[in-house]
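A.B. asks: next one to model:
(4 chains)
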Protein chains: 4
Amino acid sequence: MSSVFGNKLKVSVFGQSHGAGIGVVVDGFPAGEQIDMDRLDAFMARRRPGGKHATKRRESDRPRFLSGIEDSKTCGFPLCVVIDNEDTRSKDYKAFGDTPRPSHADYTAFVKYGGNADMRGGGHFSGRLTAPLCAAGGIAIQILEKRGIKVGAHLLMAAGLYDLPFDPVRAGELDKLEGKEFPCINDAVAEKIKLKIEEAAAQGDSIGGIIECAIVGLPAGVGEPMFGGIENRLASAVFGIPAIKGVEFGAGFACASMRGSQNNDPFEIKDGRVMTRTNNHGGSLGGISSGMPIILRAAVKPTPSILIEQDTVRLSAMVPAKVQITGRHDPCVALRAVPCIEAVCALTVLDMLIEDGRI
Amino acid sequence: MSSVFGNKLKVSVFGQSHGAGIGVVVDGFPAGEQIDMDRLDAFMARRRPGGKHATKRRESDRPRFLSGIEDSKTCGFPLCVVIDNEDTRSKDYKAFGDTPRPSHADYTAFVKYGGNADMRGGGHFSGRLTAPLCAAGGIAIQILEKRGIKVGAHLLMAAGLYDLPFDPVRAGELDKLEGKEFPCINDAVAEKIKLKIEEAAAQGDSIGGIIECAIVGLPAGVGEPMFGGIENRLASAVFGIPAIKGVEFGAGFACASMRGSQNNDPFEIKDGRVMTRTNNHGGSLGGISSGMPIILRAAVKPTPSILIEQDTVRLSAMVPAKVQITGRHDPCVALRAVPCIEAVCALTVLDMLIEDGRI
Amino acid sequence: MSSVFGNKLKVSVFGQSHGAGIGVVVDGFPAGEQIDMDRLDAFMARRRPGGKHATKRRESDRPRFLSGIEDSKTCGFPLCVVIDNEDTRSKDYKAFGDTPRPSHADYTAFVKYGGNADMRGGGHFSGRLTAPLCAAGGIAIQILEKRGIKVGAHLLMAAGLYDLPFDPVRAGELDKLEGKEFPCINDAVAEKIKLKIEEAAAQGDSIGGIIECAIVGLPAGVGEPMFGGIENRLASAVFGIPAIKGVEFGAGFACASMRGSQNNDPFEIKDGRVMTRTNNHGGSLGGISSGMPIILRAAVKPTPSILIEQDTVRLSAMVPAKVQITGRHDPCVALRAVPCIEAVCALTVLDMLIEDGRI
Amino acid sequence: MSSVFGNKLKVSVFGQSHGAGIGVVVDGFPAGEQIDMDRLDAFMARRRPGGKHATKRRESDRPRFLSGIEDSKTCGFPLCVVIDNEDTRSKDYKAFGDTPRPSHADYTAFVKYGGNADMRGGGHFSGRLTAPLCAAGGIAIQILEKRGIKVGAHLLMAAGLYDLPFDPVRAGELDKLEGKEFPCINDAVAEKIKLKIEEAAAQGDSIGGIIECAIVGLPAGVGEPMFGGIENRLASAVFGIPAIKGVEFGAGFACASMRGSQNNDPFEIKDGRVMTRTNNHGGSLGGISSGMPIILRAAVKPTPSILIEQDTVRLSAMVPAKVQITGRHDPCVALRAVPCIEAVCALTVLDMLIEDGRI
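C.D. replies: Take a look at the predicted model:
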């Protein structure tokens, strides 16, 4: 029940970090979509571990397509992607069943599954499970792009350093992000953030960040009132990515401090179409798209795996204990969460368009 | 598709602001639950319009129970509550079909429903639709309380003024909120906020706010990884309340600026049970409840209905236009959103407990 | 969870037979559909009790539309219909909590709801709950007809007497059914069946029957493989009507005795389009509509409420007992199930067309 | 959307007959269930092709478990089973895109997917897709058995020859079916049916059949009124198996010819518990289990793949044509459908028990 989302486009994620393989089944991609597999690979590479600012675990993460796509074209049937697990070092994770790591799911999984969960490497809670999500989402992104809809995200903030935010009215900065090695619009900020990440890593510590995502080109009129709206659907999907602790749209939490006269977003005619002046509303009014860019921001907590010794408890004895994490970890998981957020946003928007009969 | 949420506990909201009636069907309440109807009425009264700091529209909002409850006891069958609409002044809303009000759903509804939507008074998008949600949620709150689970919220911030936040580890302030006329823990802050609301109202303007909600007593182990987690489910429900533009859990957006060593939440043994030191995680790890209070905050935008003339467009002519809103409006919709957030949180948590076989 | 069905068109039924009212919420009707309310009333009248061959309980069953429809036009928002209960004689049903009536839901409801269920008049299990289904389905039928899709059913068999079956290739007999007082194509058969019903009623007994339903004009290509197919969806909906014990499509159970060479349904070009020779397949191949009429048959058990004394048990003492049903009952519930089957089939097909983006 | 079913236990089937692999993801198996892998293999062997009365296609169908099970024990996370495709002869199927085979999904898939579907070997509509269903269902059967619930089916009728039906009150014949090479209770009937199958096969023809399935030991009180009932859920799942054209419960279509006094099922005290005399009701009253065996029968059409030349059309030219099927096919697909029906029934019942909080 847990790892399935979507209405007409059902995404079902499976796998444990150190099991035989991980993957995803996506039921509902439209038939006849030509997929550029090199672009898909490039998209997945953005999430892949191994860079200087990411975990040292190396994996090819090469997806094998078992179904749903033939000769790089979707065939209308459920798509299954499998990524075999390689380079697993399970012994790194042995001890945590009894001494749960702070801010990880070790303890809650222990309570829920009664010790049966395969929690090696974080099990099904591992950030690694976002690899198949990116395979699915990378396909969704390509399907959307053919309809003139672009989805892109960047690291808006880390270590107190802010990248250039998207212009909320046009989000034209999306184009500048393509091909970037580091997901910031402003390269100078990127360099500074890299230094902060290296600094935290050197201290065995980690940092968090804020990701900003824009969906541009979505026509007005998509979404449903109350519980089937743009915000409900996107927020629910984005919280599916590990480490996300907050989601906001448009002016978001800032609008709570505004007056109506400041936050209200007047309609205007621009380029012969109806637009709004500020996009404080973030592209959704009453849960329905306004034709303006969807702008969302997600708070990513600092990677809970730090190398500094931490306090915990020994569950079997119900006594205080210490836990020391070794192994390979991202000092800033927000970096790799950037394409993941693009992926789930694209899958969600594609689902909504299919539901709406537009695709 | 839009106005239905829940898995085992299905909540289906209906009605337009100025139609014959509004209401809700809830399929899945457990049988045999004795409901204190006076307490339910008191709960609904907290959302009801008419106070000095709320819209002048007066409605008894007295719910009629058509099914699902007999002699104040749930009977296991779907519950239907109807609230008849009274005191509607539809002419106040006539003009907005062609000149959409900024930051309302007038324009997106026009695009989606092609002019067929009954948008008098905001139609199905009206905040009035939260009245049946509160009827349903007020019942859920009582069912949860019998199991030792409390749900409560307060206005954490408005006009830059902050109420006392919940102690994240105990959230004992919940008890102090009961019976309060104004939903702040600190009465002095309440008085100051009231003045700010009156000031904005006097200027024909409005203000936003931040609501903080705590769910205390939820046992550890409830929720599912990835897309069926505590955060996904609660966020999706909370965004179902009009005017919410952001949701965060635990440390939320603040954790994005922390180091792992600051944000990580060590486990401790307290009172013979496993607890955490900070509850920065907000009661959910890996989507599963940790036994600590669930703490969420929601950003509420300022009421978009302001009496100041605003820019808009005339859709039929595609030219700039002005719109002047009259009628009766809440200068701070966040006030009335407080019990609404309690309602949808209670319904969501009750659904998750039923799904989990605990109720 | 029980009384909700549909994907994009969510139908949520509520009410107990002897409660304040019964009704339905339908979320997802397309906006802007003009409904002929007199025709809707005529459709509902076909199900209404009171005729010579039906229960003596008299009810106006006049639906009140609380939302979703204004000036006889759907407005895109959830539609709520309420039918107030009148003429209830609850004392007729007092005794059955402890001495469950054979082949009724008294016993299973007792086990499930632990005595809390409001089972007066059969509670939520009463055939009366099909009245709101017919209100919803009658609207769906009109929406489908505007798209050239007709849904109609007749009593194919009762008391061993067979009405003329639909020609499976054209189902042109649908037109002859309109306006019939008794739902048989062949009036002579109708008269004979009426006598059999009267005979059974005079003996305090009841009879069953088989209903045949045709859906004509559904374009090819609607439906999904495996679990989202025409048969899965329609069967699941049809079993939602009380007393249905079997559902078959096309040749149905008869095909189990055929050879492939007999049952296989060759394709042909007729009238410039692809048709099949026999329609043994019942309009669905691989779960997807073929463009041929959908033909389904449903077995309706004899009304379990008979006036003959029956054996049962006294649950409180766990001893054998007798039960004597009095009150007013349909001697052939299949008669009134005819429009109910049309209703749920129309709702299901409309849902599938909306999901498919065709409406 | 199509190939997913279940509520708390989500089953998502993927694969095309001649693609790289087929499989299933099951999200929601309880954690900590020890699975006897040899028994699972034996269960899957019953469906496997290669016997004298089945297709000549040989496949090991050996399932590879990628996730969800470690050391033969479920770990609480989604289970993924993959079966690689071997021994595919795609050229056997080349021609059918333009000349659809009668009573296959070739034509409806062509209309739905516009020629993009990978229909080699029947694509996703192939009976081969039931192999992963049996892997999932075989696990569900073992989980149910530990709770005292048995699921078993047999070939009740083929070529007009009837096996001994289950005693509807006890269904004790279930035990006799274990280990049978041919799924009939009565071995003499089995031998006669085999001859009929061989006879049809020798003539390049095929036969249909009726399968009877019993679920014994299900406690009373499981299921929901109206649309979430035992019959709705099971029927919807059973129609997911290719070639099923009818489903009935208890007395089924026969009850349509009975009087109420014949069909009604008096309650009795036997062995200290409440039972019914006839089980004409098939174990479900009002959609809720009565504690009696669930008895269902499914009509299986004769394999549409016959070696006799058949009429069809050439879609590209819209002219009549002939089609000649070669390749390897089951002369009686009902045989292999027996374990498939057990599988989907077990999955459905397990889902309902999990939803009900009993597992």
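
A.B. asks: kindly check the end-to-end length of stretch A:214-225 for me.
C.D. replies: From its first residue to its last, stretch A:214-225 covers 21 Å (Cα to Cα, to the nearest Å).

A.B. asks: right, is it up against chain C?
C.D. replies: Yes. If you take Cβ under 8 Å from any Cβ of the partner chain as the test, stretch A:214-225 does meet chain C, through A:Pro225. All C-beta spots, glycine's among them, are computed from the backbone N, C-alpha and C.

A.B. asks: now that stretch, how far from the chain's geometric center?
C.D. replies: Offset of stretch A:214-225 from its chain centre (Cα atoms, centre = their mean, to the nearest Å): 19 Å.

A.B. asks: do that stretch and chain B meet?
C.D. replies: Yes. Among the residues of stretch A:214-225, A:Ala220, A:Gly221, A:Val222, A:Gly223, A:Glu224, A:Pro225 lie within reach of chain B under Cβ under 8 Å from any Cβ.

A.B. asks: go through those residues and say which is closest to D:Arg47.
C.D. replies: Among the residues of stretch A:214-225 next to chain B, A:Glu224 lies closest to D:Arg47 (Cβ to Cβ), at 41.6 Å.

A.B. asks: centre of the chain to stretch A:232-242, how far?
C.D. replies: Relative to its parent chain, stretch A:232-242 has a centroid offset of 8 Å by Cα atoms, centre = their mean.

A.B. asks: likewise for stretch A:118-125?
C.D. replies: Worked out by Cα atoms, centre = their mean, stretch A:118-125 lies 19 Å from the chain centre.

A.B. asks: that one and chain B in contact?
C.D. replies: Yes. Stretch A:118-125 lies within reach of chain B by Cβ under 8 Å from any Cβ, at A:His124, A:Phe125.

A.B. asks: check stretch A:288-306 too.
C.D. replies: Yes. For stretch A:288-306, a contact with chain B is found by Cβ under 8 Å from any Cβ, at A:Ile288, A:Ser289, A:Ser290, A:Gly291, A:Ala299, A:Val300, A:Lys301, A:Pro302, A:Thr303, A:Pro304, A:Ser305, A:Ile306.

A.B. asks: farthest pair in the residues you listed?
C.D. replies: Among the residues of stretch A:288-306 next to chain B, A:Gly291 and A:Ile306 lie farthest apart (Cβ to Cβ), at 43.8 Å.

A.B. asks: can you pull the buried residues of stretch A:152-160?
C.D. replies: Buried residues in stretch A:152-160, counted by 16 or more other Cβ atoms under 10 Å in any protein chain shown: A:Gly152, A:Ala153, A:His154, A:Leu155, A:Leu156, A:Met157, A:Ala158, A:Ala159.

A.B. asks: as CSV, these with secondary structure, distance to chain B and pLDDT would be great.
C.D. replies: Conversion of these to CSV gives the following (DSSP: H, G, I helix; E, B strand; the rest coil; distance: Cβ to the nearest Cβ, whole Å; pLDDT from 0 to 100):
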residue, secondary structure, distance to chain B, pLDDT
A:Gly152, strand, 19, 98
A:Ala153, strand, 14, 98
A:His154, strand, 14, 98
A:Leu155, strand, 10, 98
A:Leu156, strand, 9, 98
A:Met157, strand, 6, 98
A:Ala158, strand, 8, 98
A:Ala159, coil, 8, 97
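
A.B. asks: can you add distance to A:Asp38 and give those residues back as TSV?
C.D. replies: Formatted as TSV, the buried residues of stretch A:152-160 follow (distance: Cβ to Cβ, whole Å):
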residue	distance to A:Asp38
A:Gly152	19
A:Ala153	21
A:His154	23
A:Leu155	25
A:Leu156	28
A:Met157	32
A:Ala158	30
A:Ala159	34
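
A.B. asks: what is the most widely separated pair among those residues?
C.D. replies: A:Gly152 and A:Ala159 (22.2 Å).

A.B. asks: coming back round to it: could you dump the residues of stretch A:214-225 next to chain B into TSV and include neighbour count, secondary structure and pLDDT?
C.D. replies: Shown next, in TSV, are the residues of stretch A:214-225 next to chain B (neighbours: other Cβ atoms under 10 Å in any protein chain shown; DSSP: H, G, I helix; E, B strand; the rest coil; pLDDT from 0 to 100):
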residue	neighbour count	secondary structure	pLDDT
A:Ala220	20	coil	98
A:Gly221	19	coil	98
A:Val222	24	coil	98
A:Gly223	29	coil	97
A:Glu224	25	coil	96
A:Pro225	28	coil	95
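
A.B. asks: list just the nearest of the residues you listed to A:Ala200.
C.D. replies: Within these, the smallest distance to A:Ala200 is 38.9 Å, found for A:Gly223 (Cβ to Cβ).

A.B. asks: which residues touch that closest one?
C.D. replies: The neighbours of A:Gly223, taking Cβ atoms under 8 Å, 6 or more residues apart in numbering or on different chains as the test, are A:Gly229, A:Ile230, A:Arg233, A:Ser284, A:Gly287, A:Ile288, A:Ser289, A:Met352, B:Thr108, B:Lys112.

A.B. asks: now do the one helix or strand the last one maps to: which elements does it pack against?
C.D. replies: Secondary structure here is read from DSSP states H and E; on that basis B:Lys112 sits in helix B:106-113. Secondary structure elements in contact with helix B:106-113, counted by 3 or more Cβ pairs under 8 Å, 6 or more residues apart in numbering or on different chains; DSSP states H and E, are strand A:284-285, strand A:288-289.

A.B. asks: strand partners (parallel or antiparallel) of the helix or strand following the last one?
C.D. replies: Spelled out, that is strand A:288-289. Using DSSP H and E, the helix or strand that follows strand A:288-289 in sequence is strand A:294-300. Strand pairing for strand A:294-300, determined by DSSP bridges: strand A:209-216 (antiparallel), strand A:244-249 (antiparallel).

A.B. asks: close to chain B, is the next helix or strand along the chain from the shortest one?
C.D. replies: Spelled out, that is strand A:244-249. Using DSSP H and E, the helix or strand that follows strand A:244-249 in sequence is helix A:260-263. Yes. Helix A:260-263 lies within reach of chain B by Cβ under 8 Å from any Cβ, at A:Gly260, A:Ser261, A:Gln262, A:Asn263.

A.B. asks: return the most buried member of the strands paired with strand A:294-300.
C.D. replies: Sort the strands paired with strand A:294-300 by mean neighbour count, taking mean count of other Cβ atoms under 10 Å in any protein chain shown, and strand A:244-249 sits at the top with a mean of 28.

A.B. asks: pLDDT of that one, averaged?
C.D. replies: If you average the pLDDT over strand A:244-249, you get 98.

A.B. asks: alpha carbons only: can I get it in CSV?
C.D. replies: Coordinates of each C-alpha in strand A:244-249 appear next as CSV, following Å, rounded to 0.1, in the frame of the first residue of the first chain:
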residue,chain,number,x,y,z
ILE,A,244,11.7,16.0,2.8
LYS,A,245,10.3,17.8,5.8
GLY,A,246,8.4,20.7,4.2
VAL,A,247,6.7,21.7,0.9
GLU,A,248,5.4,25.1,-0.1
PHE,A,249,3.8,26.6,-3.2
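
A.B. asks: count the neighbours of A:Ser3 for me.
C.D. replies: 26 (other Cβ atoms under 10 Å in any protein chain shown).

A.B. asks: kindly report the same for A:Ser72.
C.D. replies: Neighbourhood size, A:Ser72 [other Cβ under 10 Å]: 13.

A.B. asks: next one: A:Ile325
C.D. replies: 20.

A.B. asks: I'd say it and A:Thr303 touch.
C.D. replies: No. Contact criterion Cβ atoms under 8 Å: A:Ile325 and A:Thr303 do not qualify, at 10.1 Å.

A.B. asks: okay, now the closest residue to A:Asp311 other than its chain neighbours: neighbour count?
C.D. replies: The shortest distance from A:Asp311 to any non-neighbouring residue, by Cβ to Cβ, 6 or more residues apart in numbering or on different chains, is to B:Pro266 (3.8 Å). When neighbours are counted by other Cβ under 10 Å, B:Pro266 registers 18.
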